[in-house]
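# coordinates for the following, if possible.
(one chain, ligands or ions: 2)
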Amino acid sequence: MGEAAAFLVHDLKEGFPNGFGLKSKGCETATVIGNKTYVVDGGCDDSILSFRVQVFDHSTGTRIDPVVLGTIPEPCKGHSAIALNEDRILFIKGGSPLHDSFWFLEVNTPYVQERTRSSGCEVVAWSKGVRGAVEKPIVVSGPSGVGKGTLISMLMKEFPSLFGFSVSHTTRAPRNMEKDGLHYHFTERNAMEKDIKEGKFLEFASVHGNLYGTSVEAVEVVADAGKRCILDIDVQGARSVKAGSLDAIFIFICPPSMAELEKRLRARGTETEEQILKRLRNAKAEIVQGESSGIFGHFLYNDNLEECYKNLKKLLGLDGSVNTCTKSIPEDFDLPPIVHSVSRIDNKIIITYRASDLKNESQKMIVLDLTSLKGGAPGRTRGLDVYPIDSVSNGSNMINQLS
Ligand SMILES: Nc1nc2c(ncn2[C@@H]2O[C@H](COP(=O)(O)OP(=O)(O)O)[C@@H](O)[C@H]2O)c(=O)[nH]1
Ligand SMILES: Nc1ncnc2c1ncn2[C@@H]1O[C@H](COP(=O)(O)OP(=O)(O)O)[C@@H](O)[C@H]1O
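Ligands and ions are numbered 1, 2, ... in the order given. Next up, the predicted model:
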């Protein structure tokens, strides 16, 4: 077991002994990856850690304030950090609740590389670690009126604890029954364009004359609730998501005919005649693109609604053909306090700390299993497995607990 070495930021001047950075007690951590050192702010023992990131480039001898994407972790009083796979750093926040304890700073993942290329700046991205086997997000596309919303509502109603809807932003006006924050975040074009420029959107597109987009936060909120995210977006948006790093499955819903599509749009009664005609014109192009673009791995024909819903559930493994149960995860164990140490064995991070009650002081250990990590920035890093192990047990027993 190789214990990660601890060192202070002022050691920067002297250079670093190895690729691990670790420091608790409210000071900075400094983590070396390649020829760069990533310093995350701390301060003295009483100050609150702000999670400001600075990069020291050893090849040029310069200090860089990078563009920081993603939701920045809430302040805390101490953390540790450990480099993983040369492309991200794991942060462990001491004294924080379980859902907020583990964060990744991506420094060289495909997403960060792409954003670095497109912005010409040094980019890093935060992504929160989410426990459990939350499945890949689901992207649903198809022409207006085909039944996407209806099918998604049926799924959310039958499986409220499994699925969460990604609430998009749009500049279009709300329909009668639509609620701000529930169906869409209804917004002004200027405000949305500003947020897009600031990198807050995973994707966006102009659809039927209005701007629509999925914010990174919309997807993160669902992952934080431990649910599988459903995105109802157009083909352009699906193309952007596919080209990006959100690891998703892509479903295209097809109408039985253009005549039936028109009938449904008219029967819904939510659009003006002009808007209906525009949507029908766009539908043809959207169906051609959907079928020929190679974006979509699954096509469902929404002729008979019940039949189509059954096929959707089958595709998502909800018809009993696939075991969707996840193993139960213990919730009631102590979390690492501000002072702890971190080491690594293969894909497992071992967090060690001392705990005392009135009578005894003992050493405790928590294992963070990274084997099943999925996703990452933009959005959350899913599939963390966290569990306590009994560190007073004998050696072979401990190895069993780790394997
Ligand atoms: N790219 C993108 N498309 C979206 C988003 N939200 C909704 N859309 C798409 O915009 C189109 C119009 O949506 P809407 O105005 O609600 O009409 P509807 O599809 O007829 O119910 C649909 O194809 C949606 O899938 C988004 O966040 N991004
Ligand atoms: N299989 C179906 N057969 C008949 N009507 C349908 C079917 N699926 C959906 N609808 C109806 O068609 C209209 C458009 O469906 P909606 O879910 O709003 O489409 P979308 O979200 O793709 O724009 C709604 O009035 C809905 O009740």
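
# which parts of stretch 199-215 are buried?
Buried residues in stretch 199-215, counted by 16 or more other Cβ atoms under 10 Å: 199-205, 207, 211-215. Yep, even glycine has a C-beta here, placed from its N, CA and C like the rest.

# do the same with stretch 96-113
Those would be 96, 101, 102, 103, 104, 105, 106, 107, 108, 109, 111, 112, for stretch 96-113 by 16+ other Cβ under 10 Å.

# check which helix or strand covers the fifth one.
If I follow you right, that is residue 104. Secondary structure from DSSP states H and E places residue 104 in strand 102-106.

# mind listing the strands that strand pairs with, and their directions?
Within its sheet, and counting by DSSP bridges, strand 102-106 is paired with strand 88-93 (antiparallel), strand 123-131 (antiparallel).

# hey, C-alpha coordinates of the following helix or strand past that strand in CSV?
Of the helices and strands lying after strand 102-106 in sequence (DSSP H and E), the nearest is helix 110-119. C-alpha atoms of helix 110-119 as CSV (Å, rounded to 0.1, in the frame of the first residue of the first chain):
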residue,chain,number,x,y,z
PRO,A,110,-11.6,14.5,-23.5
TYR,A,111,-14.2,17.1,-22.4
VAL,A,112,-11.5,19.4,-20.9
GLN,A,113,-9.3,18.9,-24.0
GLU,A,114,-12.2,19.9,-26.3
ARG,A,115,-13.0,23.0,-24.2
THR,A,116,-9.3,23.9,-24.1
ARG,A,117,-9.1,23.6,-27.9
SER,A,118,-12.2,25.7,-28.5
SER,A,119,-11.5,28.4,-26.0
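
# and the gap between the residue lying closest to residue 213 once chain neighbours are set aside and ligand 1?
Sequence neighbours aside, residue 204 is the residue nearest to residue 213 in space, at 3.1 Å (criterion: Cβ to Cβ, 6 or more residues apart in numbering). With distances taken as Cβ to the nearest ligand atom, to the nearest Å, residue 204 is found 6 Å from ligand 1.

# what does residue 176 give?
Residue 176 is 13 Å from ligand 1, by Cβ to the nearest ligand atom.

# mind checking pLDDT for that residue?
pLDDT for residue 176: 89.

# likewise for residue 363?
At residue 363, pLDDT is 85.

# what's the helix or strand containing it in contact with?
Assigned by DSSP H and E, residue 363 belongs to strand 361-369. Outside strand 361-369, the residues that touch it by Cβ atoms under 8 Å, 6 or more residues apart in numbering are 90, 92, 102, 333-336, 347-356, 384-392, 401-402.
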